[in-house]
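J.: For reference, the sequence and a predicted model appear below.
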Amino acid sequence: MLSKKLNAALNSQMNKEFFAAYTYLSVAAYFEEEELGGFANFFKIQSQEETQHAMKIFEYIHNVSGSATLNAIAAPRKEFKKPIDAFTFGLKNEQDLAGEIEALLQLAITEHHAPTQVFLQWFITEQVEEEALFTRYIKRLSRVGDDANGLLMLDAELLGRKIEATE
Ligand SMILES: [Fe+2]
Ligand SMILES: [Fe+2]
C-alpha cells in the first residue's frame, strides 16, 4: 500500500524530472543561439530523457494505485557565459536529482515499500551514468579551453548523439 507521504514524494520527483526536461531544453536554446548545433542536440536529447524519467514515475504512480499531479513549471535558466558553464550547471542539476532520488529511496525503505525500492534502482544507476556523462564533457571542454577549433570539433561530435530508448 502506497502511503500518502510516499505518493507525494514520488509526485514531487516526477515534477522535478519534468523541470529538468524544461531546464535542458532551455540550455539547448542557449546553444542554438550560439550556433553550436551539436551541443544543442546534446541538451535536446537530455531534455527528452528527463521527460522519459518523469513519465516512468507517472506510469509507476498509477501502477501502484497512486495519484499524479502536475505542478506549475518555473522558468528555467537560459544564460551562460560559455559552453562549459552550461555543462557545470547540468552536472550540479544531476547531483541534486541524484540526492533527491536517494532521499526518496530512504523514504521507501523507512516505509517498507518494496516495489518503490525496486523501482528506484533504475534511477540510481541512471544517475551514475548522467553524472559521468556531464563530468566527461566538463573535462573535455576544460581541455579545449578557448580553442575555437577544439570547441567546433566537440560540437560536431555531439551532433551525432541519438536518444537511447529506456526499457
Ligand atoms: Fe532524470
Ligand atoms: Fe538526468
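T.: Noted; the coordinates are in hand. Ligands and ions are numbered 1, 2, ... in the order given.

J.: Average pLDDT for stretch 84-104, rounded please.
T.: Computed over stretch 84-104, the mean pLDDT rounds to 98.

J.: in stretch 52-65, what counts as buried?
T.: Q52, H53, A54, K56, I57, F58, Y60, I61 (16 or more other C-beta atoms under 10 Å). All C-beta atoms are positioned from the backbone trio N, CA, C, and that covers glycine.

J.: make that stretch 151-158, sorry
T.: L151, L154, D155, L158.

J.: burial of A9, as a residue count?
T.: The number of residues packed near A9 is 19, by other C-beta atoms under 10 Å.

J.: correct me, but it touches L107?
T.: Yes - with contact defined as C-beta atoms under 8 Å, A9 reaches L107; the gap is 5.4 Å.

J.: Which of the buried residues of stretch 151-158 sits closest to ligand 1?
T.: L158 (19.2 Å; C-beta to the ion).

J.: residues in contact with the nearest residue to F80 once chain neighbours are set aside?
T.: What sits nearest to F80 in space, not counting adjacent residues and going by C-beta to C-beta, 6 or more residues apart in numbering, is A86, at 4.6 Å. A86 makes contact with V27, Y30, F31, F39, F43, F80, according to C-beta atoms under 8 Å, 6 or more residues apart in numbering.

J.: Can you add secondary structure and neighbour count and give those residues back as a markdown table?
T.: Listed next are the contacts of A86 as a markdown table, based on DSSP: H, G, I helix; E, B strand; the rest coil; neighbours: other C-beta atoms under 10 Å:
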| residue | secondary structure | neighbour count |
| --- | --- | --- |
| V27 | helix | 27 |
| Y30 | helix | 19 |
| F31 | helix | 22 |
| F39 | helix | 27 |
| F43 | helix | 24 |
| F80 | coil | 16 |
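
J.: Same list (the buried residues of stretch 151-158) but as a markdown table, adding pLDDT and distance to A21.
T.: A markdown table is the format used below for those (pLDDT from 0 to 100; distance: C-beta to C-beta, whole Å):
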| residue | pLDDT | distance to A21 |
| --- | --- | --- |
| L151 | 96 | 26 |
| L154 | 96 | 23 |
| D155 | 97 | 22 |
| L158 | 95 | 18 |
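
J.: same for ligand 1: which of these are within range?
T.: Among the buried residues of stretch 151-158, not one lies near ligand 1 by C-beta under 5 Å from the ion.

J.: In JSON lines: those, plus secondary structure and distance to G90.
T.: Formatted as JSON lines, these follow (DSSP: H, G, I helix; E, B strand; the rest coil; distance: C-beta to C-beta, whole Å):
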{"residue": "L151", "secondary structure": "helix", "distance to G90": "17"}
{"residue": "L154", "secondary structure": "helix", "distance to G90": "15"}
{"residue": "D155", "secondary structure": "helix", "distance to G90": "16"}
{"residue": "L158", "secondary structure": "helix", "distance to G90": "13"}
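
J.: Kind regards, and thank you for your time.
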